[in-house]
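1. A structural model of the following input is requested.
(2 chains)
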Amino acid sequence: MQFDPDLKARLLFQFNEILPAECILTAEEDLRPYECDGLTAYRRVPLAVVLPVTTEQVQQVVQTCARMNIPVVARGAGTGLSGGALPEENGIILGLSRLNKILEVDTDNLIARVQPGVRNLAISQAVDKHGLFYAPDPSSQIACSIGGNVAENSGGVHCLKYGLTVHNIQQIRLVTIDGELVTIGTETLDNPGYDLLALLTGSEGMLGIVVEVTVKLTVKPQTVQVLMADFPEVVAAGEAVAAIISSGIIPAGLEMMDNPAIRAAEAFAKAGYPVDAAAILLCELDGTETEVAEQAASVSAILQRYGASNIHTATTASERAKLWAGRKSAFPAVGRISPDYYCMDGTIPRKHLAHVLQKINDFSEQYGLRVANVFHAGDGNLHPLILYDANRPGELEKAEQFGADILALCVKVGGSITGEHGVGHEKIDSMCVQFTEPALEMFHAIKRAFDPAELLNPGKAVPTLHRCAELGAMHVHRGQLSHPELPRF
Amino acid sequence: MIADNDITHTLHEQVVTAIDSKQPLHIVGGGTKAFYGNETQGQELNTTAHTGIVAYEPSELVVSVRAGTRIQELENLLAAHGQMLAFEPPCLAPNATIGGAVGAGLAGPARPWQGTVRDHVLGVKLVTGQGKIASFGGQVMKNVAGYDVSRLMAGSLGTLGLMLEISLKVMPKPSHELSLALEMPEADALELGSRLRKDAMPITASAYFDGCLYLRLGGAKSTVKAASSTIGGEVLQQQNEFWQALRNQTHEFFQQYDRPLWRLSFPPATGMVSRLEGSSLVEWSGTQRWIYSNIPVNLIRSIAEKYKGHATLYRGRLPGVSTFHPQPLALLNMQKRLKQAMDPHGIFNPGRMNKDW
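-> Okay, here's the model as predicted:
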């Protein structure tokens, strides 16, 4: 359906009152880069893209859109992997990349106040000279921005010990759908009233627009060591992970890769990975020198007990960086061995790892698509990368179904459909598998409390009950129709 | 042994009946924190019979527990596996429940180093304000599916739903602990606290009382020993008893009932706060300060604001005074709408979080 050209003209006229012309994109070739985020399988061209440079402009843009009933999709660096920043054809993209200043670094209170467009890694770089860092480190940290991290509650390889975004932010400033600027959280360790900061973190741009973030800074540990162990069997590697954690050690990072992932990463990053191993574990330990030495000895003993064939220890910064480079480049590395890949993000209780990996292999055979697994093993967050070729008719659909089967399996064993990438556009149907109707109703009620007209990133993250009912009709389990109480189309 | 007693059905019915009859409920666990929050009217709904461990996997670092389970019983179970609730919820009497701990959102001496209640909440099962049973979050560390309703429950004082089950992240106990006592003026103690924060010392608790700074160190034995010789001071004997007394507020400081007890929160680097007269106890390296004081409410709250903090009337309700620090209207309205969305019939502890709703 063609958007009313009159309404569009009025909208752009309003934007011109608020923003300089170079902050408003409307030409087809300027809009194209915004048609998708890091999940390129889904694309839509928005009506316009606006790129404000001040908080006041954000407020005015949102007010204008609210008044004219225009959907607003906020976007940071566009690295998201779930289509959370996928535009609405009749809406605008509110790009926050030009709000990119570090406003304040407070080394006494160990916080930094930054604008949403500041890149994740840029924060750690800016405070490095003070012996500090910002702990959450998603693999996309060189590009992804902090506003997007808040929207997705991003994790990374260090969250077992240092927590997720929600644990590492102190305060946000939020523009509501009414264009009001509200400060959420305090500079202290708690706040009067509800913990709205927890609710808003990970809300995928659906409850408000984050225009400032106060992050907590962490003191850099004295010493860091990374152990790499190769295993002849995946199951043994999984058991070793459980044994390390049961022993009372919380590693700074604990990552696992299976053979296809190892091969791809090694070919790409030359990290020195053993290409014949069934699995490798990367275990990072940090703390005081004595503590790290003691823990490294304990971890090595456990790894050996569970059948690690080689244990390699990286103590210098460059050796460590090399080992991590392989892991952090796993996604682009897989991108080189397949025309397209589809990255999943389910989490599972770790004890089910062997079972889940076996089932993923079965699905792989069933769908005739290869899969490589990288795994935040410490916290149970799986990233199966499904390899496919979008140019082959039907392969994308097969990959999507393969992915949905993996997510259903994660839910079945007690896990979740998404650990850190968000639901976005991509996993909206899988939400129907994880949540019951009363839970979805609650999400919709919360959404309406913040955004009654549902203009902020509409249609993302929470499916309508009708959508789930229709989906349920397609997947009748044991003769039981899910959501039988709902009328059908 | 923790009794395995699932009364979901009864609790659910009570909520449904309350909705049908428009009868507000007053949710009570052990009732040990009844003094906290604004006064609420309603028919008592007691959760203490809803007990039991739903799942516990030490190697997964997760425990799922029914809301009426006693904190102490849960902690005994965890301790048998070398684990703990790292946020050290105050256990004001043996019958304090885990549902009450999450509802109150209060954390103990370890809070600045180990995180607060919500940092350890992974999932909840609720009876919702629509009278339905729904689960949020889960048993895994990372889970971003749907809005984070489970962490929102921490500190919501039972006003957003009736918690049936809670999944919590548990942590290994430190292999070694040692506590130090250092006599010094308060200003020096605050200054030392700031320095230690930047040195990443293995501190796990801090308190200043009666001219003496107390620090607890935790971690590998070698690390703790090295840190203790750097910091100096006397080794505190019977350290467990000392920190337990602070955590559970059985310490002599908390045994005064002649004046209201205020809890002030400040940013980490806050030094001495002037014009606060009264008997005081400083915790969390200065970020939590307790004071018994009769100074006017507006004055205490304006002093807190001056230092970018906030003041909670923790114990000893005063007529017309809200428990929690006043907030900007836009922020307050946001919370009111949230309360109305989650509890549309207004049956869960009305008035307890905010006097007007």
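
2. and the stretch 201-350 of chain A, which of its residues are near chain B?
-> A:201-203, A:207, A:219-222, A:242-243, A:245-246, A:248-250, A:287-288, A:290-291, A:294-295, A:347-350 (CB under 8 Å from any CB of the partner chain). Heads up, the C-betas are built off the backbone N, CA and C, glycines and all.

3. Would you map out the domains in chain B?
-> B:8-172, B:176-247, B:256-315 (automatic domain parsing).

4. Deepest-packed of those domains, please.
-> domain B:8-172 (a mean of 22; mean count of other CB atoms under 10 Å in any protein chain shown).

5. Which PyMOL command selects the buried ones in the residues of the stretch 201-350 of chain A next to chain B?
-> This is the PyMOL syntax for the buried subset of these, where burial follows 16 or more other CB atoms under 10 Å in any protein chain shown:
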select buried, chain A and resi 201+202+203+207+220+221+222+242+243+245+246+248+249+250+287+288+290+291+294+295+347+348+349+350
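
6. Okay, and which of the residues of the stretch 201-350 of chain A next to chain B map to strands?
-> Mapping those onto strands (DSSP state E) picks out A:V219, A:G287.

7. and the residues of the stretch 201-350 of chain A next to chain B, which of them are in helices?
-> Among those, DSSP state H puts A:A242, A:A243, A:I245, A:S246, A:T290, A:E291, A:E294, A:Q295 in helices.

8. from the residues you listed, which two are the most distant?
-> Among these, the pair separated by the greatest distance (CB to CB) is A:A242 and A:T290, at 25.9 Å.

9. Give the closest residue to the residue nearest the centre of chain B in space, chain neighbours not counted.
-> Ranked by distance to the mean C-alpha position of chain B (CA atoms, centre = their mean), the top residue is B:L106 at 1.0 Å. Spatial nearest neighbour of B:L106, chain neighbours left out: B:P90 (5.4 Å); criterion: CB to CB, 6 or more residues apart in numbering or on different chains.

10. Tell me the spacing between that neighbour and chain A.
-> 14 Å (CB to the nearest CB, to the nearest Å).

11. how much space between that residue and B:N248?
-> B:P90 sits 6 Å away from B:N248, going by CB to CB, to the nearest Å.

12. before we move on, what about B:Q256?
-> Going from B:Q256 to B:N248 by CB to CB gives 16 Å.

13. Could you do A:T464 as well?
-> 48 Å.

14. So if I had to pick from the two, which one is more boxed in?
-> Counted by other CB atoms under 10 Å in any protein chain shown, A:T464 and B:N248 do not tie: B:N248 has more neighbours, with 21 against 14.

15. element containing the nearest residue to the more buried one once chain neighbours are set aside, please.
-> For B:N248, ignoring the flanking residues on the chain, the nearest one in space by CB to CB, 6+ apart is B:C91 at 5.0 Å. Under DSSP states H and E, no helix or strand contains B:C91.

16. which residues of the stretch 201-350 of chain B fall in strands?
-> B:203-209, B:212-219, B:234-235, B:261-265, B:279-283, B:288-292, B:310-315 (DSSP state E, counting those that start in this stretch).

17. Of all those strands, which one comes closest to chain A?
-> Chain A lies closest, by CB to the nearest CB, to one member of the strands of the stretch 201-350 of chain B: strand B:261-265, at 3.7 Å.

18. so which strand or helix has the residue of chain A most remote from its centre?
-> In chain A, the greatest distance from the average C-alpha position (CA atoms, centre = their mean) is reached by A:D6, at 37.9 Å. A:D6 belongs to helix A:5-18 when assigned by DSSP H and E.

19. Please name the nearest non-neighbouring residue to residue 152.
-> All of this refers to chain A. A:G422 (4.4 Å).

20. I was thinking of chain B, sorry if that wasn't clear
-> Closest residue to B:L152 apart from its sequence neighbours, by CB to CB, 6+ apart: A:L199 at 4.7 Å.

21. Checking the one you found next. Helix, strand or coil?
-> Judged by DSSP: H, G, I helix; E, B strand; the rest coil, the three-state class of A:L199 is helix.
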